[in-house]
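Q: Give me the fold of what follows.
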Amino acid sequence: MLTRRRLLQVGAGMVPAVVLGSEAAHASAIPTTGVVPSALAGFDNAMKTYIAERNISCAQLAVAKNGKILLARGYGSYVANGKTVAVQPTSLFRIASLSKSLTGAALARLAQDGKVALGAKVADLLGLSTSADPRLKDVTLWRLLQHTGGWDRSVSPDPLWYDQGIASALGVSLPIDHDDIIKYVTARKLDFTPGSKYAYSNYGYMLAGRVIEKLSGMSYETYVRNTLLTPVGITRMRLGRSLRSQAFPTEVTYESQYTRKSVVDDSGEVVPYPYGGFSMPNQDANGGWLASAVDMVKWGFVFDASGPVLNKTSIGRVFAKPETGVNSNGSWYGLGWHVRTNNLGTLNTWHTGSMPGTYSFLARIQHGVSYCAIFNRREEEGTPDFDSIDPILGKATGAVKTWPTTDLTSRYF
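A: Coordinates of the predicted model:
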């Protein structure tokens, strides 16, 4: 799910391209909802340009500073039950890999509560056989969450996106579930020695979800909602479902030019990629959450200071440097976040999310600024680069002369 990553730094990057002709008309005609203070109009204009250039039908943006939500915007519309519905700042989107920050925080909280040590061995916690590869004994929770556990999707197929192959190998019918995925992967050798390198792994985070269930005695979703989200007043977030017919009432529609054979049954039916081309229930702990941009910005506040969810020690663990994997730009992967020390000596933390029908970006940067943008499609053949949202929002941040002080949080929670 992780896409290419440019170094996050305010003011670094390209100015959004100027839209001309029909694109300019599209940008000005995009339906909008929510609140944009005049001082933050640059964010709104940049988003409209970005949306028009990529023909995006549904999007959101939220901007905050020092724990206050200052901008909350919905863009576009979708059809639900035969009616055209405007995207609201509170509409639900699949957020893909932004979900990993919830899973990392959940295990940090379990460690905070004395339920587990992050150095605990995953095979021991889950009772996994290590006969296929004894190195599996050396996969700790730290390594699972920092993507140094031994699975590399550039070497072996990503098991979260290999439903037909796993079903065939195990001789089972579709849909497969977490147990099937774990059985398939555990019977194979790791791609590298745990702790020896960084390789982004959706499977590692899926396993982390199973550890959370084992330790808490709750479903993954129940533990996260009860322990992490409810204490800070986030009530809308929930795990998504695979089919359009299963969508929640305020959930947008997802778009992709691609189709795939269904993974929700053995019919062999060719379906729109976002609706049955992959399993949302299997994605849960690595990419299965639904949220709005305001939800995700408020979730980011949890990591600003000790509070009801995480204490100072746990926040430090979330952003701690791994044993390996600090890249040439000085950034590293923590527990569900990319992390880099910025030019003020504080931390910039961020993540992208990408799956068919979804692209999302959440960042917490210097001076207490944070923002989240979510879209109902991602970069595909013939569409402009979606990663450019990073420098675009960075440029908009740098252009703000005076930050508003009115807090919109209560309006959207």
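Q: now the residue nearest the centre of the chain, nearest residue through space, not along the chain?
A: Nearest to the geometric centre of the chain sits L98, at 1.5 Å (C-alpha atoms, centre = their mean). The spatially closest residue to L98, leaving aside those adjacent along the chain, is G353, at 4.4 Å (C-beta to C-beta, 6 or more residues apart in numbering). C-betas here are computed from N, CA, C, even on glycine.
Q: Return the residues in contact with the one you found.
A: G353 sits next to M1, R94, I95, A96, S97, L98, S99, G287, Y359, S360, F361 when contact means C-beta atoms under 8 Å, 6 or more residues apart in numbering.
Q: 6 Å instead?
A: I95, A96, S97, L98, S360 (C-beta atoms under 6 Å, 6 or more residues apart in numbering).
Q: which other residues reach whatever helix or strand L125 lives in?
A: L125 is part of helix 122-126 when elements are defined by DSSP states H and E. Helix 122-126 is contacted by residues T130, L136, K137, V139, L144, R210, V211 when judged by C-beta under 6 Å, 6+ apart.
Q: most neighbours, which of those residues?
A: Most neighbours among these, by other C-beta atoms under 10 Å: L144, with 28 neighbours.
Q: which residues touch the helix or strand hosting it?
A: Per DSSP H and E: L144 is located in helix 141-145. For helix 141-145, contacts defined as C-beta under 6 Å, 6+ apart pick out G104, L107, L118, A120, V122, G149, P194, G195, G204, A208, L335.
Q: Which of these sits closest to G217?
A: The nearest member of those to G217, counting by C-beta to C-beta, is L107 at 15.0 Å.
Q: for the strand ranked longest in the chain, packing partners?
A: For the chain, the longest strand by residue count, based on DSSP state E, is strand 68-80. When contacts are defined as 3 or more C-beta pairs under 6 Å, 6 or more residues apart in numbering; DSSP states H and E, strand 68-80 sits against strand 32-35, strand 58-65, strand 83-86.
Q: For that strand, buried residues please.
A: Buried positions in strand 68-80, judged by neighbour count with 16 or more other C-beta atoms under 10 Å: K68, I69, L70, L71, A72, R73, G74, Y75, G76, S77, Y78.
Q: and the contacts of helix 141-145 as CSV, adding neighbour count?
A: Formatted as CSV, these follow (neighbours: other C-beta atoms under 10 Å):
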residue, neighbour count
G104, 25
L107, 28
L118, 19
A120, 17
V122, 22
G149, 29
P194, 22
G195, 19
G204, 25
A208, 25
L335, 27
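Q: Closest to D295 out of those?
A: The closest of those, once distances to D295 are taken by C-beta to C-beta, is G104, at 17.0 Å.
Q: Remind me which helix or strand the closest one belongs to.
A: helix 100-112.
Q: tell me which strands and helices that helix is in contact with?
A: helix 202-216, helix 312-318.
Q: so V326 touches W332, yeah?
A: Yes. Judged on C-beta atoms under 6 Å, V326 makes contact with W332 at a distance of 4.6 Å.
Q: Kindly provide the distance from I315 to A117.
A: To A117, I315 is 17 Å away according to C-beta to C-beta, to the nearest Å.
Q: Just want to know which of those two has more residues nearby.
A: The neighbour count for I315 versus A117, taken as other C-beta under 10 Å, is higher for I315 (21 against 12).
Q: now the more buried one, nearest residue through space, not along the chain?
A: Nearest one to I315, counting by C-beta to C-beta, 6+ apart, is F303 at 5.6 Å.
Q: Could you check how far the residue nearest to L98 is from Y75?
A: 18 Å.
Q: What pLDDT is listed against G13?
A: Note on G13: pLDDT of 28.
Q: do the same with F413
A: pLDDT recorded at F413 is 87.
Q: Also P16?
A: On the pLDDT scale, P16 gets 31.
Q: And T397, by the same measure?
A: For T397, the predicted pLDDT is 98.
Q: ditto for L2
A: So, for L2, pLDDT stands at 38.
Q: same check, this time on the one 5 residues further on
A: We have a pLDDT of 34 for L7.
Q: likewise D133?
A: The predicted local confidence for D133 is 98.
Q: Please tell me I have it right and it contacts A187.
A: No. Using C-beta under 6 Å, D133 makes no contact with A187, being 9.4 Å away.
Q: So which of the two has more stuff around it?
A: Comparing D133 with A187 by other C-beta under 10 Å, the one with more neighbours is D133, at 18 against 13.
Q: In the stretch 251-400 of the chain, what residue spans correspond to helices?
A: Under the criterion DSSP state H, counting those that start in this stretch, the stretch 251-400 of the chain contains helices at 284-287, 293-301, 312-318, 389-398.
Q: Show me which residues of the last one are buried.
A: Counting neighbours by 16+ other C-beta under 10 Å, one finds that the buried residues in helix 389-398 are I389, D390, P391, I392, L393, G394, K395, A396, T397.
Q: would you turn those into TSV with distance to Q283?
A: Shown next, in TSV, are the buried residues of helix 389-398 (distance: C-beta to C-beta, whole Å):
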residue	distance to Q283
I389	22
D390	23
P391	28
I392	27
L393	26
G394	29
K395	32
A396	31
T397	31
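Q: out of those residues, who's nearest R378?
A: Among the buried residues of helix 389-398, and counting by C-beta to C-beta, the member closest to R378 is I389, at 11.1 Å.
Q: Between the two ends of stretch 116-123, how far is it?
A: 14 Å (C-alpha to C-alpha, to the nearest Å).
Q: do the same with stretch 163-180
A: 9 Å.
Q: Can you pull out the residues in contact with that stretch?
A: Contacts of stretch 163-180 (C-beta under 6 Å, 6+ apart): Y184, V263, V264, D265, D266, S279.
Q: next one: stretch 331-349
A: 8, 100-101, 103-104, 108, 145-147, 318-319, 321-322, 325-326, 330, 350-351, 364-366.
Q: buried subset of these?
A: Buried among the contacts of stretch 331-349 (16+ other C-beta under 10 Å): 8, 100-101, 103-104, 108, 145-147, 318-319, 322, 325, 350-351, 364-366.
Q: what helix or strand is V116 on?
A: Per DSSP H and E, there is no helix or strand for V116.
Q: pretty sure it contacts L107?
A: No. Here V116 does not reach L107: they are 7.3 Å apart, not a contact under C-beta under 6 Å.
Q: And G217, how close does it get to T103?
A: Distance from G217 to T103, by C-beta to C-beta: 17 Å.
Q: And A117, by the same measure?
A: Applying C-beta to C-beta, one obtains 17 Å for the distance of A117 from T103.
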